[in-house]
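[1] Got a sequence here, can you build the structure:
(one chain, ligands or ions: 1)
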Amino acid sequence: MTNPLPLGVLASGSGTNLQAIIDAIEEGRVPAEIRLVVCNRPRALALERAERHGIAAEVVDHKAFASREAFDEHVVGRLRDKGVELVCLAGFDRLLSPAFIRAFPDRILNIHPALLPAFPGLHAQRQALDYGVRIAGCTVHLVDEQTDHGPIVIQAAVPVYSDDTVESLTERILAEEHRIYPEAVYLFAEGKIEIDGRRVRIVDEEPLADRALVNPALG
Ligand code: GAR
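    Residues are numbered from 1 along each chain as shown. Okay, here's the model as predicted:
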């Protein structure tokens, strides 16, 4: 058996993606071990989730640091202290400085609630509804120095219904986030990811069912 991949997870909020990764590891679906959860918000539910599962968790309040670089340097130090090899951003609401990204080259994953490159930035589900897309979704990608931009590892698409609200669309997308984020970590942990410029090749990729998502359904 391969050694579990040492992970660090950075979160700011409710931590449901963190929970999905914890569950996948505990159920033996992902050969990884969360060495540290870092949370920049002291009251984030993500902290409670980590503690409930006996995972080391630290609050690093960004407001206590003079600059983004100083905050990042501290967090990178803590991740290195714990031997982290893959960093997962899971609803982390701070941009990373170039120094942070260079500390873990091609070793930082982010999840974004849109089919990138559509709707980067804040309020992606609201942007999708306002634009009127009929297919929305989520993306796990490698982090580079541009926001929501790095090579794409995995995406899931969901339909948008006429009566959707931000809440209902968010919920539908989130359910897919919880499926694809652990899968991305699995692919990494198993060494199945090869990066070639913007394109990510999945080693031994399963063939896709030959089916498109069409919305509205064809008559
Ligand atoms: C998720 O929907 C994630 O995709 C989004 O924040 C939410 C965090 O939820 N991230 C972004 O919008 C990043 N641009 P969680 O704390 O329950 O995992």
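[2] So Phe100: helix, strand or coil?
    helix (DSSP: H, G, I helix; E, B strand; the rest coil).
[3] In this structure it contacts Asp72, no?
    Yes: contact criterion Cβ atoms under 8 Å: Phe100 and Asp72 qualify, at 4.1 Å. Every C-beta, even on glycine, is put in place using the N, C-alpha and C of the backbone.
[4] Any buried residues in the helix or strand where Ala157 lies, and which?
    In the assignment (DSSP states H and E), Ala157 maps to strand 152-159. Residues of strand 152-159 classed as buried by neighbour count (16 or more other Cβ atoms under 10 Å): 152-156, 158-159.
[5] Tell me who's in contact with Asn110.
    The contact partners of Asn110, by Cβ atoms under 8 Å, 6 or more residues apart in numbering, come to 88-89, 92, 140-143, 148, 150.
[6] Out of those, which is nearest to the ligand?
    The nearest member of the contacts of Asn110 to the ligand, counting by Cβ to the nearest ligand atom, is Asp148 at 6.0 Å.
[7] what residues are up against that closest one?
    110, 112, 116-117, 120-121, 139, 141.
[8] near the ligand, from these?
    His112 (Cβ under 6 Å from any ligand atom).
[9] Any of the contacts of Asp148 buried? List them.
    110, 112, 116, 139, 141.
[10] and the gap between the second one and Thr170?
    Same thing as His112. 13 Å (Cβ to Cβ, to the nearest Å).
[11] ditto for Pro117
    Taking Cβ to Cβ, one finds Pro117 at 20 Å from Thr170.
[12] again, but for Ala32
    Following Cβ to Cβ, the distance that separates Ala32 from Thr170 is 26 Å.
[13] of the two, who's got more company?
    Ala32 (24 against 18; other Cβ atoms under 10 Å).
[14] Close to the ligand: what parts of this structure are there?
    11, 13-17, 90-91, 111-113, 124, 174, 177.
[15] mind listing the strands for the protein?
    5-11, 32-39, 57-59, 86-90, 108-112, 135-142, 152-159, 193-196, 199-202 (DSSP state E).
[16] Switch the ones you listed over to JSON lines; also include mean pLDDT and distance to Pro216.
    Output for the strands of the chain, formatted as JSON lines (pLDDT from 0 to 100; distance: least, Cβ to Cβ, whole Å):
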{"stretch": "strand 5-11", "mean pLDDT": "98", "distance to Pro216": "36"}
{"stretch": "strand 32-39", "mean pLDDT": "98", "distance to Pro216": "40"}
{"stretch": "strand 57-59", "mean pLDDT": "97", "distance to Pro216": "45"}
{"stretch": "strand 86-90", "mean pLDDT": "98", "distance to Pro216": "33"}
{"stretch": "strand 108-112", "mean pLDDT": "98", "distance to Pro216": "26"}
{"stretch": "strand 135-142", "mean pLDDT": "98", "distance to Pro216": "11"}
{"stretch": "strand 152-159", "mean pLDDT": "98", "distance to Pro216": "9"}
{"stretch": "strand 193-196", "mean pLDDT": "97", "distance to Pro216": "35"}
{"stretch": "strand 199-202", "mean pLDDT": "98", "distance to Pro216": "31"}
